[in-house]
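Trainee: I'll drop the sequence and a predicted model, then ask my questions.
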Amino acid sequence: MARVVLQCSICGNEIDPHSEKLHKLDPCGLYFVTNILEEEADKRFEQAFYCHYGCFKGILASPESLNLEEQEEG
Ligand SMILES: [Zn+2]
């Protein structure tokens, strides 16, 4: 069976989903949308990226705005 390798789009390192070093919310996906204010859907383009939770938080101008760590299940 082929091994799927996830690469963090920010730091470039592999995201091993089985690593005990990962943040509890890893692996993460970024959903990037161009022309976000465009009303016509065919003028917006979307692409998904993998990333570490900590890497994404680290590039935010206001890291405190990422508050998903407090989200509870259920
Ligand atoms: Zn990373």
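Mentor: Noted; the coordinates are in hand.
Trainee: Could you pull out the helices in this protein for me?
Mentor: Secondary structure of the chain (DSSP state H): helices at 53-59.
Trainee: Can you tell me which residues in it are near the ion?
Mentor: 8, 10-11, 52, 55 (CB under 5 Å from the ion). (Each C-beta comes from the backbone N, C-alpha and C, glycine too.)
Trainee: PyMOL command to pick out the buried ones of those residues?
Mentor: Burial among the residues of the chain next to the ion is assessed by 16 or more other CB atoms under 10 Å; the matching PyMOL selection reads:
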select buried, resi 8+10+52+55
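Trainee: now the residues of the chain next to the ion as TSV including pLDDT?
Mentor: Output for the residues of the chain next to the ion, formatted as TSV (pLDDT from 0 to 100):
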residue	pLDDT
8	98
10	98
11	97
52	96
55	97
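Trainee: Could you list which of the residues of the chain next to the ion belong to strands?
Mentor: In strands, judged by DSSP state E, none of the residues of the chain next to the ion are found.
Trainee: need the residues of the chain next to the ion in a markdown table with distance to residue 70, can you?
Mentor: Formatted as a markdown table, the residues of the chain next to the ion follow (distance: CB to CB, whole Å):
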| residue | distance to residue 70 |
| --- | --- |
| 8 | 23 |
| 10 | 22 |
| 11 | 24 |
| 52 | 19 |
| 55 | 19 |
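Trainee: ok, of the residues of the chain next to the ion, which one's closest to residue 41?
Mentor: residue 10 (27.5 Å; CB to CB).
Trainee: wait, isn't that closest one in contact with residue 54?
Mentor: No. Using CB atoms under 8 Å, residue 10 is not in contact with residue 54, being 9.3 Å away.
Trainee: Quick check: residue 11 touching residue 53?
Mentor: No. Counting by CB under 8 Å, residue 11 sits too far from residue 53 to count as a contact (11.7 Å).
Trainee: Find the nearest non-adjacent residue to residue 30, please.
Mentor: residue 49 (4.3 Å; CB to CB, 6 or more residues apart in numbering).
Trainee: For the chain, which segments count as strands?
Mentor: 6-7, 14-15, 28-33, 46-51.
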